[in-house]
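Asks: Predicted model and sequence follow; I will ask about them next.
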Amino acid sequence: NAGVTQTPKFQVLKTGQSMTLQCAQDMNHNSMYWYRQDPGMGLRLIYYSASEGTTDKGEVPNGYNVSRLNKREFSLRLESAAPSQTSVYFCASSPLRASSYEQYFGPGTRLTVT
Amino acid sequence: AQSVTQLGSHVSVSEGALVLLRCNYSSSVPPYLFWYVQYPNQGLQLLLKYTTGATLVKGINGFEAEFKKSETSFHLTKPSAHMSDAAEYFCAVSGYGNKLVFGAGTILRVKS
């Protein structure tokens, strides 16, 4: 099993450009999440999908959109990138079994917006 | 609402010394608690978790944590630090809607 995979690993954008970050998991998990990580701020939830067909906003959704394409895939789109979106982005998934809320993380996408 | 406070953004210990990383949480419901580790340029890896039952939880790489409800704490310990333990550690508490709320992280430095 590959676990959670993310593409690309690195990306540089100019202000105003758009891009989509891809995430896939092969663990048959129901829930998927997108976080951003900034120094000294831990991980902040951007959007999540509790199950296929549903998405909800997290703590910092402004400037982002998501698509839960199927049970395996959950993409994050930046429509018009801004320097404030320079960050490391992590995708995670969770089985959502009773007493098992742990999340499994991908390796991250390092995004720089100039 | 749930929240997590990690005391100390940076902790430095000598190799072989005790590691103690502090985590306090706030939760309006019985919490599930987690510690994750992040090595440089990698994703987060689960170290251990507390859901129900035994309050002393053992994890990977010799780490353990004790859930203390009266103190709302879930501190992470390891009796003897190794150079390979140098990483950033995150405490997290389960929130509503199957979400996790993370602390700001503690960077552990191990001196030889």
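Replies: Done, it's in.
Asks: show me the contacts for the most centrally placed residue in chain A.
Replies: Against the mean C-alpha coordinate of chain A, by CA atoms, centre = their mean, the closest residue is residue A:34 at 2.6 Å. Contact analysis of residue A:34 by CB atoms under 8 Å, 6 or more residues apart in numbering or on different chains lists A:21, A:23, A:45-48, A:58, A:64, A:66, A:74, A:76, A:89-92. Heads up, the C-betas are built off the backbone N, CA and C, glycines and all.
Asks: List the beta-bridge partners for it.
Replies: residue A:47, residue A:91 (DSSP bridges).
Asks: Could you do residue B:75 as well?
Replies: Assigned bridge partners for residue B:75, using DSSP bridges, are residue B:66.
Asks: if I look at residue A:93, how far off is residue A:102?
Replies: 10 Å (CB to CB, to the nearest Å).
Asks: can you check residue B:108 too?
Replies: For residue B:108, the distance to residue A:102 - CB to CB - is 21 Å.
Asks: List the contacts of residue A:87.
Replies: Counted by CB under 8 Å, 6+ apart, residue A:87 has contacts A:36, A:37, A:38, A:111.
Asks: That one bridge partners, please.
Replies: residue A:111.
Asks: So which residues on chain B come close to chain A?
Replies: Residues of chain B lying near chain A by CB under 8 Å from any CB of the partner chain: B:9, B:32, B:34, B:36, B:41-46, B:49, B:51-52, B:90, B:94, B:97-100, B:102-105.
Asks: per-residue pLDDT, the residue nearest to the centre of chain A?
Replies: Note for residue A:34: predicted pLDDT of 97.
Asks: could you measure it against chain B, distance?
Replies: 12 Å (CB to the nearest CB, to the nearest Å).
Asks: Over to residue A:76?
Replies: Residue A:76 is 15 Å from chain B, by CB to the nearest CB.
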